[in-house]
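A.B. asks: I'll drop the sequence and a predicted model, then ask my questions.
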Amino acid sequence: MKTQKGTFRKLFEVLGRQKLIFAVSITLAALNVALTLYIPVLIGDAIDCIIGKGNVDFDAIITIIIKAGVTIGLAAISQWLMSICNNKMTFTLVHDLRSKAFKKVQKLPLSYIDTHPYGDVVSRVISDVDTLSDGLLMGFTQLFTGVATVLGTVVLMFSINWKIALIVVVLTPASLLVAKFISDRTYSMFKKQSETRGEQTAFIDETVGNQKVIEAFCHGDEATEKFTEINERLRKYSLRAIFFSSMVNPSTRIINAIIYALVCLVGALTVISDPLFTVGALSVLLSYASQYAKPFNEISGVITELAAAKASADRVFDFLEQAEEISDENNTEMPTAEGNVKMDNISFSYTPEKPLIDGITLNFESGQQIAIVGPTGCGKTTLINLLMRFYDVTDGKISVDGYDIKDVTRHSLRENYGMVLQETWLKSGTIRENITMGNPDATDEEIIAAARSTHAHSFIKRLPQGYDTVIGEDGGNLSEGQKQLLCITRVMLCLPPMLILDEATSSIDVKTEMHIQHAFARLMKGRTSFVVAHRLSTIKHSDVILVMRDGNIIEHGNHKELLKAKGFYYELYNSQFAN
Amino acid sequence: MKNLLKYMKQYRVQAVLGPFFKLTEALFELFVPLVVADIIDQGIGNGDKSFIISRGILMAVLGIVGFICALTAQYFAANASVGFAANLRLALFKKINGLNYTDLDTVGTSTLITRMTGDVNTVQTGVNLALRLLLRSPFIVFGAMIMAFTVDTESALIFLASIPILAVIVVAVMAITVPLYKRIQQKLDRVTLNTRESLKGVRVIRAYRQEQDSVEGFEQNNNELTTMQKFVGRISALMNPLTYVVVNTAVILIIWVGGKRVYAGDLTQGQIVALYNYMSQILIELVKLANMIMTVNKALASGSRISNVLSMENHVDTPTDKALLPESGHAVEFRNVGFTYLKAGEASLIDISFTANKGERIGIIGATGSGKSTLVNLIPHLYGATSGLVAVFGRDVKDYPDDELRSKIGIVLQKSVLFKGTVRENLLLGGKTATDEELWAALRSAQADEIVEKKGGLEAEIEQNGRNLSGGQRQRLCIARALVGNPEILILDDSASALDFKTEADLRKAMAELPQKPTVITVSQRVSSVMNADRIIVLDDGEAVGYGRHDELLESCEVYADICRSQLEKEEL
């Protein structure tokens, strides 16, 4: 209960300026309920003025009609304004929450982003925010309207005739009970349906997604057999779930129909015996009786919606309250670096239980080329994470030109690095936007010169709009190699004093790679560069080779020294020629 | 769209009975206001209590009969819609299985997955709702109007006037909002894309200090989305108040006109109550109708997408030139083979000729995009050559039934794909009847026996897409899968890329020692993987620029020599 309060309080806080609109919306809802309920009363009065041939009170009817007209107009206007308020409130809240969440993404530590599936974060920012605002705000208004309608109807019915009112009030909950009875029993069927549907979706995802493999192995018949089995099961469960749940509506309606008949019966008998109870009053009661059950059904729907919204709200707030990266607002700006990198007794681990780097001290001088090698999964990227300060060392310190990287702003540190990663990433936008990321002021000549040096120019110019071609999500139709060339061009354009090249040419074909080696050599000259490479031949001439295994640096030295040591590097190097 | 109807055929009885019972129920509902009018006019008017009681019971009976009809209708509707959806899914699945590689390239598998899941579900919901309400709602609306005419023609004219107005309001609001909802969806997709991008590209964004820029890009889309949502919201907010005003104005008119008619003695008080009730019924049905039109609309859109897939025609191979007859004696023969992907401008393979005999090892090397994978895909007829002849064991691959051809060939594709299930199930894809000993032998040759032992043997579970294995482990299991069934031709398409040099060397050794001595065709970017082959094909932009042994090519082929220089030590050359 305590957390629930917390969630609503937090929501109330984010509502901010919308609080006033929320209050207005609730007021309008109350007004609307009152006016809507008043209409049947007026109509009933009018009916009482129409008794029979030659016995119609037209003067009274006119007064009633004018009253009714005004009431209808006001009811419509209040309903319209209420919707407008709700719209504004909901969509503004959605907008603000998404905005907050997106800014949050920019400030989250990499450790959060690396350990949470993107899909999970995206669904918090997109669908959970929707569910939250729909469910909590609209849900609250609906709940309020529903309860107000029920209470208003009850009061009005009792004021007209307490006996008939009692019939309605006592019997209506029966329809709710029936609804609950059915939905409790269908729950297990729905669960089975969604489980089976999940199973089928996973199966489709796997087989259709890899249809080419299925066909290469002529596995289609077996797959169809398995699919048919799941499909039949799903059909059976779906039929049960859908049929039994669709019983709810007729069942509540039959109960309402019987209540309606009872009101009519008892009401008609009362009209005969009680001269104060008129036909008009009977029509009012009939109209209430038919409407009375509706808010109940809505309320039960709203309550489930609220529960879902609450769950979503918790997920959204949980995300918004994640710890952010340590602020670097008060840190100094680092000037353009020489590129002397020092690792002073550093230790690091992603989780305390699994120590990785432990007490490493290394010194790299400006202009040196440092290669990082080791089998896949040995933690080469960990080192890059630490250099770029994507992660902070748990102990010791890394300094660049004597500045502890924890004491300078992240931006000023990263400005000194140029980075090309194995996993290329391009934003959806133009080619130009993508390659000028590090140097937005680059001129056309500079851009073309850089692209020429990386051999990207020839394919860029063949694209429909050249440098202004918009590429879709994740590089769209470009090949892995082309994407990598763009990432390299990006670095060529900003020429920072230090470089990080993580398998920077892994997807580029051998021929192009040979061509751009020169550009690389020129680029690395005079710059401290950290190079991760698969092909050992490309890094043989590095000043320092760091050999990593299981997350730790186990050997370091130059090629010759390491071969002489006959350690892990020696083994690695020779295995590539073994036959 | 019509081609979907046949999947409903099996359920046509249900599809007719569903709406029929629904209409019967509606009919009973339409009688209720008349009974109420009777109670007021005759029962109350004459003070006849027994008449009132009998009519009250009649109302309850009408309700109960209606209830039974409704249940029957729901059952038939659920049956027909669920069955229809199941038939559609199965038909889609079979259709997809019959698509060839060219077709799959054209449609894209992710589209097919959406068709089979999301679209079929939407159709199911739409059909279910349509069977129940498509006829019912208009029936009630017009039925109420007709009943009003039977009560009093003059007052019924009010119905006649208000129904078109209501229809115009509903249709106009929907006509404006439905297309806008589509645009909102597109904008929302942009916002989603921004979010996903900022997560996926977090390292680059931070390295290049693009945080502020990406926030601005997001804000722009987010603002536009909100503006559009508010606009659509304002328009749809009009629907309820407007219909409310129209219906209640009609009620006032009924009172006024009815009052006059009663004064003249043409109408009774009870009949006015009946007219009033009919008007209320119309309002309730209209709301349902609007919701239903939305759902049915969506279902129609999904249905036409499904229909497009089902009516897709398979791409047909260009037949081989009759003059080209395969030579006997070769395991694989390529003669002047050319291949162009459908809708691609340039050819991916141009005039390729080579032969491979039993037990020979052929290497294929070249840059990415030079056509290496395309070439090997022609051998098991995954694609059909667009010119020239591809033959396996002296027979044109286009003349083989696909399963007979592919049972002779073990192929390891570039992407290592494993399926959810046990190790055994995955390996049996390669040869359905293999024994445990054969499976283990294949695993040993593929250097994968240790992996399987560690995971717990052949019964060990592999998760969806082989998630619980590393890239290198998956690759080795895929190799083992291709070895099961002792294929006479083995194709390894860059299938050692995730292996370290030592494992790859061990693997190469094991391949050379396979007992059935298959023809092995290896595609690689690494010289070390192909340099010991009997013949090496060097591909450059779809053309074979070199064909021969390692030492021959070093002398004669510039492209090959270049590749070697970049990868090998001087002493190796």
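C.D. replies: Great, that's in hand. Residues are numbered from 1 along each chain as shown, chains lettered A, B, ... in the order given.
A.B. asks: so where do the strands sit in chain B?
C.D. replies: Counting by DSSP state E, residue ranges of the strands within chain B are B:332-339, B:349-356, B:361-366, B:387-392, B:395-396, B:409-412, B:421-422, B:461-462, B:489-493, B:519-524, B:535-540, B:543-548.
A.B. asks: what helices or strands is the first one leaning on?
C.D. replies: Right, the one you point to is strand B:332-339. For strand B:332-339, the contact count by 3 or more Cβ pairs under 8 Å, 6 or more residues apart in numbering or on different chains; DSSP states H and E identifies strand B:349-356, helix B:372-378, strand B:387-392 as packing neighbours. For every residue, glycine as well, the C-beta is placed using N, CA and C.
A.B. asks: measure the residue of the stretch 301-450 of chain B found nearest chain A to residue A:512 for me?
C.D. replies: Nearest to chain A in the stretch 301-450 of chain B, going by Cβ to the nearest Cβ, is residue B:367, at a distance of 3.1 Å. Distance of residue B:367 to residue A:512, computed by Cβ to Cβ, to the nearest Å: 7 Å.
A.B. asks: pLDDT score assigned to the closest residue to residue B:441 other than its chain neighbours?
C.D. replies: Nearest non-adjacent residue to residue B:441, counting by Cβ to Cβ, 6 or more residues apart in numbering or on different chains: residue B:483, 7.9 Å away. Note on residue B:483: pLDDT of 88.
A.B. asks: ok, now residue B:109?
C.D. replies: Listed pLDDT for residue B:109 reads 73.
A.B. asks: what of residue B:69?
C.D. replies: Listed pLDDT for residue B:69 reads 91.
A.B. asks: cool, the one 10 residues further on as well?
C.D. replies: Listed pLDDT for residue B:79 reads 89.
A.B. asks: mind listing what it touches?
C.D. replies: Going by Cβ atoms under 8 Å, 6 or more residues apart in numbering or on different chains, residue B:79 touches A:239, A:243, B:11, B:14.
A.B. asks: and the helix or strand containing residue A:98, anywhere near chain B?
C.D. replies: Here residue A:98, judged by DSSP states H and E, is contained in helix A:58-107. Yes. If you take Cβ under 8 Å from any Cβ of the partner chain as the test, helix A:58-107 does meet chain B, through A:58, A:61, A:64-65, A:68-69, A:72-73, A:75-77, A:79-80, A:83-84, A:87-88, A:90-92, A:94-95, A:98-99, A:101-103, A:105-106.
A.B. asks: now list the buried members of these.
C.D. replies: Buried members of these, counted by 16 or more other Cβ atoms under 10 Å in any protein chain shown: A:61, A:64-65, A:68, A:72, A:75-77, A:79-80, A:83-84, A:87-88, A:90-92, A:94-95, A:98-99, A:101-102, A:105-106.
A.B. asks: who in the stretch 251-400 of chain B is up against chain A?
C.D. replies: Taking Cβ under 8 Å from any Cβ as the criterion, the stretch 251-400 of chain B approaches chain A at residues B:251-252, B:255-256, B:258-260, B:262-265, B:268-270, B:272-273, B:276-277, B:280, B:366-370, B:380, B:382.
A.B. asks: buried ones only from the residues you listed, please, as a ChimeraX command.
C.D. replies: ChimeraX command restricting those to the buried ones, with burial defined by 16+ other Cβ under 10 Å:
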select /B:251,252,255,256,258,259,260,262,263,268,269,270,272,273,276,277,280,366,367,368,369,370,380,382
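A.B. asks: now residue 366, nearest residue through space, not along the chain?
C.D. replies: In the absence of a named chain, chain A is used. Leaving aside its chain neighbours, residue A:366 sits nearest to residue A:339 (4.0 Å; criterion: Cβ to Cβ, 6+ apart).
A.B. asks: try again with chain B
C.D. replies: Residue B:366 sits nearest to residue B:539 (Cβ to Cβ, 6+ apart), 3.4 Å away.
A.B. asks: check residue B:340 too.
C.D. replies: Of all residues not flanking residue B:340 in the chain, residue B:347 sits nearest, at 4.5 Å (Cβ to Cβ, 6+ apart).
A.B. asks: tell me the confidence at the one you found?
C.D. replies: On pLDDT, residue B:347 comes in at 76.
A.B. asks: now do the one 4 residues further on
C.D. replies: Residue B:351 is assigned 87 on the pLDDT scale.
A.B. asks: burial count for it?
C.D. replies: 15 (other Cβ atoms under 10 Å in any protein chain shown).
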